[in-house]
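*Asks:* sequence below, structure please.
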Amino acid sequence: MAHVEHVLAVVAVSDIKASTSWYTKLFGREPDNNPMPNLVEWQVTGNGWVQVTEAPEHAGHSFLNLAVSDLDEGVREVRELGVETGEIIEANKGVRLCPITDPDNNQLNLVGNFRVNY
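*Replies:* Reported below is the predicted structural model:
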């Protein structure tokens with residue numbers, strides 16, 4: 001296989017306009033790209049992107065984990081932006097999670113203490 005240059009995580013939604021508004025709130029900024037009428041993208045790391053695409057038949061079945069440098073700060077920030085979150089969960093081996101559900105019931109987690117080796 002050729003060298004992978006970017007990772008694109010795709011979240012399926014039922015209404016691209018409403019979801020663009022919700023994910024704009026979550027990320028605290030407008031999308032970086034809108035390459036198609038049914039697709040918007042945020043570059044969340046150097047080569048990592050979150051794509052939100054209108055695909056009603058798949059909406060509500062996506063999972064997205066966003067590892068953040070400071071979970072408490074990340075949770076505080078998204079709550080201040082008006083995004084509802086669940087309570088922080090002590091997962092395993094020091095990893096902490098904060099669940100978030102988008103308007104289509106896609107499951108997101110802010111992840112704290114992520115590391116490559118456990």
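
*Asks:* which SSE is the closest residue to residue 105 other than its chain neighbours in?
*Replies:* Distance criterion CB to CB, 6 or more residues apart in numbering; nearest residue to residue 105, sequence neighbours excluded, is residue 60 at 4.3 Å. C-beta here means a position set from N, CA and C on the backbone, and glycine is covered the same way. Assigned by DSSP states H and E, residue 60 belongs to no helix or strand.

*Asks:* same check, this time on the one 4 residues further on
*Replies:* For residue 64, the element it lies in under DSSP H and E is strand 63-67.

*Asks:* in that strand, what's buried?
*Replies:* Across strand 63-67, burial judged by 16 or more other CB atoms under 10 Å covers 64, 66-67.

*Asks:* distance from it to the middle of the chain?
*Replies:* For strand 63-67, the separation from the chain centroid amounts to 5 Å (computed by CA atoms, centre = their mean, to the nearest Å).

*Asks:* remind me what the following helix or strand past it packs against, helices and strands.
*Replies:* Going down the chain from strand 63-67, the next helix or strand is helix 71-80, by DSSP H and E. Packed against helix 71-80, as judged by 3 or more CB pairs under 8 Å, 6 or more residues apart in numbering; DSSP states H and E, are the following elements: strand 96-101, strand 107-112.
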